[in-house]
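Enquirer: Got a predicted model here, sequence first, then my questions.
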Amino acid sequence: MLAEIITIGDEILIGQIVDTNSAWMAKELNLIGVKVKQVTSVSDDAAHITEALKQAMQRVDVILITGGLGPTKDDITKLTLAKYFNMGMRRDQPTLDHVTSFFTRLNRPMIEMNRQQADVPDGCEVIQNKNGTAPCMWFEQEGRIIVSMPGVPFEMMYLMTEDILPRLKQTFNLPALVHQTILTAGLGESFLAAEIEDIEDSLPAHIKLAYLPKLGQVRLRLSGSGSDEVALKAEIAGYVRQLVNRVPKYVVVEDDIALEKALLNLMAEKGLTLSTAESCTGGYIGHLITQHPGSSSVYLGGAVTYSNALKTAILGVLPETLANYGAVSEETVREMAMGAVKNFKSDYAIAVSGIAGPDGGTADKPVGTVWIGIASKDKVTARCFSFGSRRTQNIERAAIAALTLVLNEIKHHVV
């Protein structure tokens with residue numbers, strides 16, 4: 001079963017908004033056994049929409065369209081679909097009643113433009129949009145299913161979850177699709193591939209291995225399809241075990257979660273707390289951690305000590321250490337990390353100091369030089385990294401490296 005997602009809107013093509021709808025829809029479709037063959041973004045132009053629909057009709061079974069259903073003149077999806085399928089328009093009474101009720105609750109006047117929200121192609125089935133005024137339209141044409149939904153994310157998600165996905169499962173005899181992800185860190189994609197090459201070569205045709213690299217991390221995703229979901233899960237689990245046993249040092253978790261979430265889970269399980277002392281990363285590590293619900297059970301907080309004065313005042317870094325070795329040094333990050341453990345009263349602390357760039361580098365400490373310290377109440381270690389010349393990537397790489405170091409320290413040395 002193949003599907004295509006078509007997103008409509010100039011705002012996507014000019015970069016004004018990010019198309020998060022397609023990623024969410026693709027994930028949910030995959031979970032029920034529908035493979036997304038293509039994602040297409042088109043402008044608010046009838047010819048472009050028509051051409052995208054024409055091509056999709058030739059290659060997939062299900063077409064999911066989002067956007068272009070508002071009340072203004074630039075929203076032309078309904079009229080374009082009606083013309084493409086050679087249909088007239090009708091005013092759908094249940095939709096009109098819903099829109100009227102919507103504006104009554106808001107104590108707003110109901111104008112003709114709002115009434116036109118209830119106008120739909122006369123050959124479609126209307127699915128009630130309980131979270132907005134734009135109707136969802138279900139078409140069955142030429143052996144294909146075409147669904148047009150509003151582009152507002154929470155409206156689309158509700159429609160997909162409550163109506164579209166259940167209907168697709170009832171309509172088609174869908175195969176089982178099983179995915180298992182292994183998060184690794186500390187080994188580059190090509191080196192990882194070389195380590196597991198023979199395992200990858202032994203995979204049967206119905207199981208595929210994908211590499212998903214991201215700044216110091218690589219996700220290994222095993223995906224399989226078949227008629228027997230239980231047997232497929234067991235088969236994939238066997239290959240997961242082979243992969244994990246081959247590179248145990250670099251395996252973070254057997255789950256599709258963020259690195260910092262894996263760290264939070266591990267520390268929560270062991271009853272440990274964490275603090276941070278950040279310089280060149282400017283609070284980015286704290287941001288990564290605190291975006292996850294429940295992080296407060298592990299993360300006590302931290303300090304962004306960008307200046308030498310704050311490194312001394314907040315973390316207790318000795319002035320002579322800074323004078324003799326500089327802010328970007330092993331000695332400094334050690335004292336930063338120990339100061340964080342002592343002053344913030346955490347079990348572990350991460351300290352980062354480096355030269356993010358694009359300037360500030362020297363011959364012995366070029367841009368991209370980052371020292372990372374990891375401290376507990378009775379131990380402190382530090383490691384130097386050499387990243388690149390791009391500031392944003394250096395900050396992200398430093399954060400991932402720091403999280404990986406503390407995770408490995410806890411994994412391998414804490415009972």
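Expert: Received the coordinates, thanks.

Enquirer: Tell me where the stretch 101-250 of the chain has helices.
Expert: Along the stretch 101-250 of the chain, the stretches classed as helices by DSSP state H, counting those that start in this stretch are 112-115, 153-159, 165-171, 189-195, 197-201, 229-246.

Enquirer: and among those, the most buried is which?
Expert: Compared across the helices of the stretch 101-250 of the chain, helix 153-159 shows the largest average neighbour count, a mean of 18 (mean count of other C-beta atoms under 10 Å). (C-beta placed from N, C-alpha, C; glycine too.)

Enquirer: Show the residue spans covered by the strands in the stretch 301-415 of the chain.
Expert: Listed in chain order, the strands of the stretch 301-415 of the chain (DSSP state E, counting those that start in this stretch) span 348-354, 369-376, 380-386.

Enquirer: possible to save those as a markdown table with mean neighbour count and distance to V230?
Expert: Converted to a markdown table, the strands of the stretch 301-415 of the chain look like this (neighbours: other C-beta atoms under 10 Å; distance: least, C-beta to C-beta, whole Å):
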| stretch | mean neighbour count | distance to V230 |
| --- | --- | --- |
| strand 348-354 | 28 | 41 |
| strand 369-376 | 26 | 42 |
| strand 380-386 | 16 | 45 |
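
Enquirer: and L159, which of these is closest to it?
Expert: Nearest of the strands of the stretch 301-415 of the chain to L159, taken as C-beta to C-beta: strand 348-354 at 42.5 Å.

Enquirer: Now do that closest one against strand 369-376, angle only.
Expert: Comparing the axes of strand 348-354 and strand 369-376 via axes from the mean of the first three to the mean of the last three C-alpha atoms, to 10 degrees yields an angle of 170 degrees.

Enquirer: Now do the helix or strand of the chain with the lowest mean pLDDT: which elements does it pack against?
Expert: Scoring the helices and strands of the chain by mean pLDDT, DSSP states H and E places helix 112-115 at the bottom, with a mean of 86. Packed against helix 112-115 by the contact rule (3 or more C-beta pairs under 8 Å, 6 or more residues apart in numbering; DSSP states H and E) you find helix 93-105.

Enquirer: Please work out the average pLDDT along the helix it packs on.
Expert: The average pLDDT within helix 93-105 is 90.

Enquirer: Measure how far it is from the centre of its chain, please.
Expert: 36 Å (C-alpha atoms, centre = their mean, to the nearest Å).

Enquirer: Could you tell me how far the residue of the chain most remote from its centre is located from A382?
Expert: Taking C-alpha atoms, centre = their mean, the residue of the chain most remote from its mean C-alpha position is E320, at 43.9 Å. Using C-beta to C-beta, to the nearest Å, we find E320 at a distance of 18 Å from A382.

Enquirer: do R144 as well
Expert: In terms of C-beta to C-beta, R144 sits 60 Å off from A382.

Enquirer: And this structure, what are its domain boundaries?
Expert: Per automatic domain parsing, the structural domains of the chain span 2-171, 178-253, 259-413.

Enquirer: Pick the most deeply packed of those domains.
Expert: Sorting those by mean neighbours (by mean count of other C-beta under 10 Å), the first place falls to domain 259-413, with a mean of 19.

Enquirer: Over to that one now: how far is its first residue from its last?
Expert: Start and end residues of domain 259-413 are separated by 19 Å (C-alpha to C-alpha, to the nearest Å).

Enquirer: mean confidence score for that domain?
Expert: pLDDT averaged over domain 259-413 gives 97.

Enquirer: For N265, find the nearest of the strands of the stretch 301-415 of the chain.
Expert: strand 348-354 (14.6 Å).

Enquirer: What pairs with the closest one, parallel or antiparallel?
Expert: strand 274-278 (parallel), strand 369-376 (antiparallel) (DSSP bridges).

Enquirer: Distance to M160 added to these, as JSON lines?
Expert: Shown next, in JSON lines, are the strands paired with strand 348-354 (distance: least, C-beta to C-beta, whole Å):
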{"stretch": "strand 274-278", "distance to M160": "37"}
{"stretch": "strand 369-376", "distance to M160": "42"}
